[in-house]
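Student: From the sequence below, what's the structure:
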Amino acid sequence: MTKQAIDVFRACIPLFNTLSDPARQDIILLLAEREPLSVNEIAEHSSLSRPAISHHLKIMRDLQLVKIEQKGTQRYYSLSLNQSIEQLKELIEIVETECIL
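Tutor: Predicted structure coming up:
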């Protein structure tokens with residue numbers, strides 16, 4: 001396996017770690033159906049507390065999986081998946097070209 005393949009795999013670790021959490025998966029699916037939503041609106045559809053939702057959104061925001069739009073005093077979250085999708089496409093391409101015999 002080439003250094004490039006290893007680098008691509010390693011670069012995907014934060015994304016995989018973030019997506020492995022069921023609460024974050026639920027938030028992504030909810031936003032896919034009903035975006036944009038505030039933290040309170042997300043909490044209405046979850047068994048998690050508002051602080052827990054905020055924690056998960058911060059992790060997702062740090063990886064650019066969600067973006068924020070400020071409207072007055074409210075922050076509304078929506079999906080921002082383009083960078084992550086491109087990263088996963090690159091991983092798939094590396095696997096197809098270097099790992100499949």
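
Student: List the buried residues in the helix ranked longest in the chain.
Tutor: If you go by DSSP state H, the chain has its longest helix at helix 82-98. Within helix 82-98, the residues scored as buried using 16 or more other Cβ atoms under 10 Å are 84, 87-88, 91, 94. All C-beta spots, glycine's among them, are computed from the backbone N, C-alpha and C.

Student: Repeat that for stretch 20-38.
Tutor: For stretch 20-38, burial by neighbour count (16+ other Cβ under 10 Å) applies to 24, 26-28, 30-31, 35-37.

Student: Check the burial of residue 57 by counting its neighbours.
Tutor: When neighbours are defined as other Cβ atoms under 10 Å, residue 57 has 20 of them.

Student: from what I can see it touches residue 66, true?
Tutor: Yes - the criterion here is Cβ atoms under 8 Å, and residue 57 meets it with residue 66 at 6.1 Å.

Student: which neighbours do the two share?
Tutor: Residues touching both residue 57 and residue 66 (Cβ atoms under 8 Å, 6 or more residues apart in numbering): 27, 77.

Student: Model confidence for residue 4, exactly?
Tutor: Note for residue 4: predicted pLDDT of 88.

Student: can you pull the pLDDT of residue 1?
Tutor: 75.

Student: got a list of what the closest residue to residue 79 other than its chain neighbours touches?
Tutor: Leaving aside its chain neighbours, residue 79 sits nearest to residue 31 (5.0 Å; criterion: Cβ to Cβ, 6 or more residues apart in numbering). Contact partners of residue 31, counting by Cβ under 8 Å, 6+ apart, are 37, 42, 66, 77-79.
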